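Undergrad: With the input below, show me the fold.
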Amino acid sequence: MRIRITLSPHHYPAAVPLNHFPLAAFIYETVASVAPELASYLHDEGLSPGGQEDKRFKFFVFSLPELPPYYFQGEQRWFEQGVMRWQISSPLPEFIEALVTGLGAQDRVRIGSTQFTVAGIEIMPAPRFTERMRFMALSPLTVATTTQAADGRRIKHYLRANEEEFGPLVVANLLEKYRALFGREPDHSCLSFSFDQDYIQRAGGVESKKVSRLIQYKGTRIKCYQVPFIVVGNPELIHLGWECGFGSANSQGFGMAGV
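TA: Numbering: from 1, shown residues only. This is a model prediction of the structure:
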């Protein structure tokens with residue numbers, strides 16, 4: 001289930017942080033105001049695929065904020081009129097229900113340094129899922145591999161969009177989410193993921209500023225890509241990706257897809 005909330009600032013100019021962490025923290029805090037055990041469980045534990053306790057999924061994703069014309073100042077986007085619209089999605093109905101109830105119970109909400117009034121909440125209809133779909137990235141996509149250094153430290157490597165492993169890792173990640181959520185294998189696991197290469201070339205290449213992003217999250221710089229992409233295969237898996245995000249770090253604001 002996916003919702004889009006409309007937030008009206010109490011004062012202008014209003015600011016929205018570039019760092020995704022205040023946005024994720026706001027979601028957890030809102031859910032916790034109604035369902036503290038659910039928020040704590042997802043934040044501290046999450047669901048894991050069978051036998052893979054080192055992999056945990058929070059099962060929600062959010063878009064970048066949709067803002068009127070804005071300008072950058074410091075680590076924030078500032079705007080002087082209009083409202084902020086923001087999409088949040090999860091395959092867990094209880095999560096969305098708690099989020100909506102928590103939003104409705106508050107006269108004012110705060111994200112970063114700005115106070116807002118919740119001016120509207122709408123349920124976003126799901127598209128018709130087919131075996132081939134083209135999506136736009138409502139928040140940038142990222143995938144990572146983890147290796148262990150000689151001293152035991154775990155080192156995370158964020159892949160570039162033109163690395164061969166990027167697409168297969170997105171697919172493997174989605175299959176793990178399916179196992180964690182449903183406790184079984186999908187009926188058909190055939191799926192492929194690829195970025196729209198024509199778009200990348202028109203935008204100036206894989207490292208252009210229109211394609212590549214470097215976003216801070218709690219002090220970590222995450223390499224990610226704001227690029228349309230194509231998925232081909234099992235519509236059930238594609239539906240799950242639409243609900244909980246494609247790629248890694250969905251609950252940190254990465255991988256939300258829009259048709």
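Undergrad: Can you give me the neighbour number for the residue lying closest to residue 135 once chain neighbours are set aside?
TA: Of all residues not flanking residue 135 in the chain, residue 257 sits nearest, at 3.9 Å (C-beta to C-beta, 6 or more residues apart in numbering). Quick note: C-beta positions are derived from backbone N, CA and C, even for glycine. Residues lying near residue 257 (other C-beta atoms under 10 Å) number 26.
Undergrad: any idea how far residue 257 is from residue 190?
TA: Here residue 257 is placed at a distance of 19 Å from residue 190 (C-beta to C-beta, to the nearest Å).
Undergrad: same question, residue 49
TA: Remark: distance between residue 49 and residue 190 (C-beta to C-beta) = 19 Å.
Undergrad: Those two: who's more crowded?
TA: When neighbours are counted by other C-beta under 10 Å, residue 49 comes out ahead of the other of residue 49 and residue 190, with 17 against 11.
Undergrad: So for stretch 187-201, mean pLDDT?
TA: Mean pLDDT, computed over stretch 187-201, is 94.
Undergrad: Please give me every residue in contact with residue 101.
TA: Residue 101 is in contact with residue 34, counting by C-beta atoms under 8 Å, 6 or more residues apart in numbering.
Undergrad: and it, which of the three is it?
TA: With DSSP: H, G, I helix; E, B strand; the rest coil as the basis, residue 101 sits in helix.
Undergrad: From residue 33, how far out is it?
TA: To residue 33, residue 101 is 9 Å away according to C-beta to C-beta.
Undergrad: Low-confidence bits of the stretch 1-150 of the chain, can you list those?
TA: For the stretch 1-150 of the chain, applying pLDDT under 70 flags the ranges 50-54.
Undergrad: now with 80?
TA: Residue ranges of the stretch 1-150 of the chain with pLDDT under 80: 48, 50-55, 148-150.
Undergrad: So which residues of it form strands?
TA: Taking DSSP state E, counting those that start in this stretch as the criterion, the stretch 1-150 of the chain carries its strands at 2-9, 14-17, 61-62, 71-73, 76-79, 84-89, 109-111, 114-124, 132-137, 144-148.
Undergrad: Columns distance to residue 180 on top of those strands, output as CSV?
TA: Listed next are these as CSV, based on distance: least, C-beta to C-beta, whole Å:
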stretch, distance to residue 180
strand 2-9, 20
strand 14-17, 30
strand 61-62, 15
strand 71-73, 37
strand 76-79, 34
strand 84-89, 17
strand 109-111, 29
strand 114-124, 24
strand 132-137, 22
strand 144-148, 18
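Undergrad: what about these, which gets the closest to residue 160?
TA: Among the strands of the stretch 1-150 of the chain, strand 144-148 comes nearest to residue 160, with 11.2 Å by C-beta to C-beta.
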